[in-house]
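**Student:** Kindly return the folded structure for what I paste below:
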Amino acid sequence: MNHTIVHSLDNHESAEFLANILGLEVGEAWGPFVPVETSNGVTLDFATIPGESIVMQHYAFLISDEEFDAAFGRIREQGVTYYADPHLKQPGEINHHFGGRGLYFMDPAGHGMEIITRPYGNEE
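**Tutor:** Sure, this is the predicted structure:
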């Protein structure tokens, strides 16, 4: 994958929010898009659209243990509510699926974000 468009209420706010959590940079706006390039070269192009047109999506980011520690620290420092599960029933907890760590949080537009240190199904 090269890029995908992420609908947002405010493209700058959403791009900055995610980039901050993941320790990434926000790129230069290009037309209606504010890009955030992930460590694997995929760009998330944030676009502002009317709130009633936003459909919640789920974005999962496979990151290293060190990146998880840093992102988790920023989540806690900023007071972002996080959960161990996608149904948001276990607030303030992380999971340990497949021998790794993971958590879920919501972005400003209501998209479900997930960070994990092991891919699903990886039993290593």
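**Student:** what residue ranges in the protein score low on pLDDT?
**Tutor:** Scanning the chain for pLDDT under 70 picks out 122-124.
**Student:** how about the helices in it?
**Tutor:** 11-22, 65-77 (DSSP state H).
**Student:** With respect to residue 116, which of the ones you listed lies nearest?
**Tutor:** Taking C-beta to C-beta, helix 65-77 is the member of those nearest to residue 116, at 8.1 Å. (Each C-beta comes from the backbone N, C-alpha and C, glycine too.)
**Student:** Now do the buried residues in that closest one.
**Tutor:** The neighbour-count check on helix 65-77 (16 or more other C-beta atoms under 10 Å) flags 67, 68, 71, 72, 75 as buried.
**Student:** Please apply the same query to stretch 11-27.
**Tutor:** For stretch 11-27, a neighbour-count test (16+ other C-beta under 10 Å) marks 11, 13-22, 24, 26-27 as buried.
**Student:** ok, back up a step: make TSV from the helices of the chain and add distance to residue 101 to it.
**Tutor:** Below are the helices of the chain laid out as TSV (distance: least, C-beta to C-beta, whole Å):
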stretch	distance to residue 101
helix 11-22	15
helix 65-77	6
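**Student:** Residue 4 is nearest to which of those?
**Tutor:** Residue 4 sits nearest to helix 11-22 of all the helices of the chain, at 12.7 Å, using C-beta to C-beta.
**Student:** quick check, distance from the closest one to the centre of its chain.
**Tutor:** On the basis of C-alpha atoms, centre = their mean, to the nearest Å, helix 11-22 sits 9 Å off its chain's mean C-alpha point.
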